[in-house]
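>>> Kindly return the folded structure for what I paste below:
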Amino acid sequence: MTGQPETGQPETGRPEAEWPGTALPGTARPEPEREVEGRPAGIPRQSGPSRQESASVPQPPPLPPRPAPRPGGGLGAELRRTVLAGCTAFAARPLARHQAAVVRVGFALVFTLQLLREWPNRRVLYGDRSPWSQGLARDLLGETHAFTVLVWRDEGWWFEGCYLLAILAGVLMLLGWRTRFSSVLFLVAVLSVQNRDILVGDGGDNIVHLMAIYLAFTRCSEVWSLDARRRARGGGDGRPRIDAVGVLLWALCGALLTAAQLTGHLTWRGAGWPYVGWSVLFWLLWAVAALWWLLGRRWPDGEVRAVLDALATMLHHCAMTVIAAQVVLVYSTAGWYKVQGSRWQDGSALYYPLHLDYFTPWPGLSALLGGSAVLVFLFSYGTVLVQVAFPFTLVNRRVKNVLLAVMITEHLAIAVLLGLPIFSLAMVAADAVFLPTGALLRVAGWLRPVRPVRPVRSAAGRRRVAP
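Predicted structure coming up:
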């Protein structure tokens, strides 16, 4: 026994005919093995189930065929996605932030300039020397249920203090300081001054009156305000710190509301629809401010704070939409009423104010324009055409921007030629809601002060320019 097989085969147990380069006598030389399924030739085939065996192995069932889309299903899905994206944008982040900031600055500037211009005659217009006496004002307020603090007391110090506080409210609103507080104070100031004497005004007071109400529900301090600057300088963790000034203002407002409530100046129920007094509005704003600060302090990442922030954003968008609709309504009604007037139809409407001493601060310039029948005709028809066409140009951005520039130029001309600066500035501030964001950012870049460039010595000892 040598341990070798009896068949004379090598120890590997493989016939000699299977070795490369060898063949038994009388047998054909086998062909070299080809590469199969990525396996190089000469490598033995691995053991595994044959094709017959693999066929008997149960296979997973095939995927069901995709159902054919129903007619109109693609359009419906696209519509649902569009609606979902719109709802997300409506509640996620405040839009038109720069336009809201310009509207805030514009109307605060208009109101402050008006009070400063009327400072020498303030007592005649709104005080104890006014032909519209305190008694007449109280009788009218008893019927209309309008709000003003100037009729709460008859003393002179009360009027002077309220007038100074109104100027302060305009300045704070202009700067955007504590806007949740200053916007309500601005609303109270505007209502108090304008409702004291309804006979004072040039048309611009109506638009200021409405915008003061709308701005209290907007987030108009997101940019270009002291609030935005304070938020940018806040802590990196985003958690609001204890704000002593804000807490003090909130406590002071609560004390003043309580005093007004106890003395009967504020009521919970109104006489006319919606049968809600001014107490409901002021106390609701006071409570929301407290809830906002508490949630931001204790649970800044909670769901309740997120819901409250989304509600504030949606309210901001609704208020901005109302402001835009108000401007469209002003121009459309003014244009269509002018169409019905005979003087506007024959093109001679502007001839008369250009020849009245009350509306001619520059008599020479007014006489030059009013003496030309062609210019009077063109300006009269152009005014009507611009006001009637403005609502229809909102569907085209370029045409709207061009017509908006024409309208702003027209208001500036009215301020100079007819001596109505408050009215003109109020309309320009209202038109700002339609200004494009790119143009506002470009103007802000021009007005931003250039920081001086100072050389700073680096650690290596070389001089470099600081940004």
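
>>> Which strands or helices does the helix ranked longest in the chain pack on?
The single longest helix within the chain, with elements called by DSSP state H, is helix 303-340. Judged by 3 or more CB pairs under 8 Å, 6 or more residues apart in numbering; DSSP states H and E, helix 303-340 is in contact with helix 73-92, helix 97-117, helix 204-215, helix 278-298, helix 373-389, helix 421-431. No exception for glycine: its C-beta is placed from N, CA and C like everyone else's.

>>> low-scoring stretches of the protein, by residue?
By pLDDT under 70, the low-scoring segments of the chain are 1-74, 235-242, 271-274, 449-467.

>>> starting at the chain centroid, how far to stretch 399-419?
Relative to its parent chain, stretch 399-419 has a centroid offset of 24 Å by CA atoms, centre = their mean, to the nearest Å.

>>> in that stretch, what counts as buried?
Lys400, Leu403, Leu404, Met407, Ile408, Glu410, His411, Ile414, Ala415, Leu417, Leu418, Gly419 (16 or more other CB atoms under 10 Å).

>>> what do you get for stretch 201-214?
Under the neighbour-count criterion of 16+ other CB under 10 Å, stretch 201-214 has Gly204, Asp205, Ile207, Val208, His209, Leu210, Met211, Ala212, Tyr214 buried.

>>> what do you get for stretch 125-141?
Neighbour counts over stretch 125-141 (16+ other CB under 10 Å) mark Leu125, Tyr126, Gly127, Ser130, Gln134, Ala137, Leu141 as buried.

>>> and if you look at stretch 145-163?
Buried residues in stretch 145-163, counted by 16+ other CB under 10 Å: Ala146, Phe147, Thr148, Val149, Leu150, Val151, Phe159, Cys162, Tyr163.

>>> Break down the stretch 101-250 of the chain into its helices, ranges please.
In the stretch 101-250 of the chain, helices defined by DSSP state H, counting those that start in this stretch lie at 122-126, 134-144, 156-175, 179-196, 204-215, 226-232, 244-262, listed in chain order.

>>> Looking at those, which is nearest to Arg442?
helix 226-232 (19.0 Å; CB to CB).

>>> And that closest one, what does it pack against?
By 3+ CB pairs under 8 Å, 6+ apart, helix 226-232 packs against no helix or strand.

>>> For it, buried residues please.
Asp227, Ala228.

>>> how many neighbours does Trp250 have?
Around Trp250 there are 18 other residues, counting by other CB atoms under 10 Å.

>>> How about the one 5 residues further on?
A count of nearby residues for Ala255, using other CB under 10 Å, gives 10.

>>> for the one 4 residues further on, same thing?
Close neighbours of Ala259, defined as other CB under 10 Å, add up to 11.

>>> Then the one 4 residues further on?
Applying other CB under 10 Å, we find 9 other residues in the vicinity of Thr263.

>>> Which residue is the nearest non-sequential neighbour of it?
Trp152 (8.0 Å; CB to CB, 6 or more residues apart in numbering).

>>> re earlier: narrow the buried residues of stretch 399-419 to those in helices?
Residues of the buried residues of stretch 399-419 located in helices (DSSP H): Lys400, Leu403, Leu404, Met407, Ile408, Glu410, His411, Ile414, Ala415, Leu417.

>>> The fifth one: what's it in contact with?
Ile408 is in contact with Val428, Asp431, counting by CB atoms under 8 Å, 6 or more residues apart in numbering.

>>> same thing with the third one?
By CB under 8 Å, 6+ apart, the contact list for Leu404 reads Phe390, Asp431, Phe434, Leu435.

>>> and of the helices and strands packed on helix 303-340, who's closest to His317?
Nearest to His317, of all these, is helix 73-92, at 5.8 Å by CB to CB.

>>> before we move on, back to that, the buried residues of stretch 201-214 into JSON lines, with extra columns for distance to Ser221?
Formatted as JSON lines, the buried residues of stretch 201-214 follow (distance: CB to CB, whole Å):
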{"residue": "Gly204", "distance to Ser221": "24"}
{"residue": "Asp205", "distance to Ser221": "24"}
{"residue": "Ile207", "distance to Ser221": "21"}
{"residue": "Val208", "distance to Ser221": "19"}
{"residue": "His209", "distance to Ser221": "21"}
{"residue": "Leu210", "distance to Ser221": "20"}
{"residue": "Met211", "distance to Ser221": "15"}
{"residue": "Ala212", "distance to Ser221": "15"}
{"residue": "Tyr214", "distance to Ser221": "15"}
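
>>> of all these, which comes closest to Trp446?
Lowest distance from Trp446 to those (CB to CB) belongs to Met211, with 25.8 Å.

>>> out of the buried residues of stretch 145-163, which one sits closest to Ala251?
Closest to Ala251, out of all of those and judged by CB to CB, is Val149, at 19.6 Å.

>>> didn't that closest one look like it was pressed against Leu187?
No. Val149 lies out of contact with Leu187 (CB atoms under 8 Å); the separation is 11.7 Å.

>>> hmm, back to that, closest to Ala91 among the buried residues of stretch 399-419?
Here the nearest of the buried residues of stretch 399-419 to Ala91, counting by CB to CB, is Lys400; it sits at 26.5 Å.

>>> if I read this right, the closest one contacts Thr393, doesn't it?
Yes. Contact status for Lys400 versus Thr393: in contact at 4.5 Å, counting by CB under 8 Å.

>>> Spit out the contact partners of His98.
Contact analysis of His98 by CB under 8 Å, 6+ apart lists Val223, Trp224, Thr437, Leu440, Leu441, Ala444.

>>> Can I have the buried ones of those residues as a ChimeraX selection?
Typed into ChimeraX, the next command selects the buried ones out of the contacts of His98 (criterion: 16+ other CB under 10 Å):
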select :223,224,440
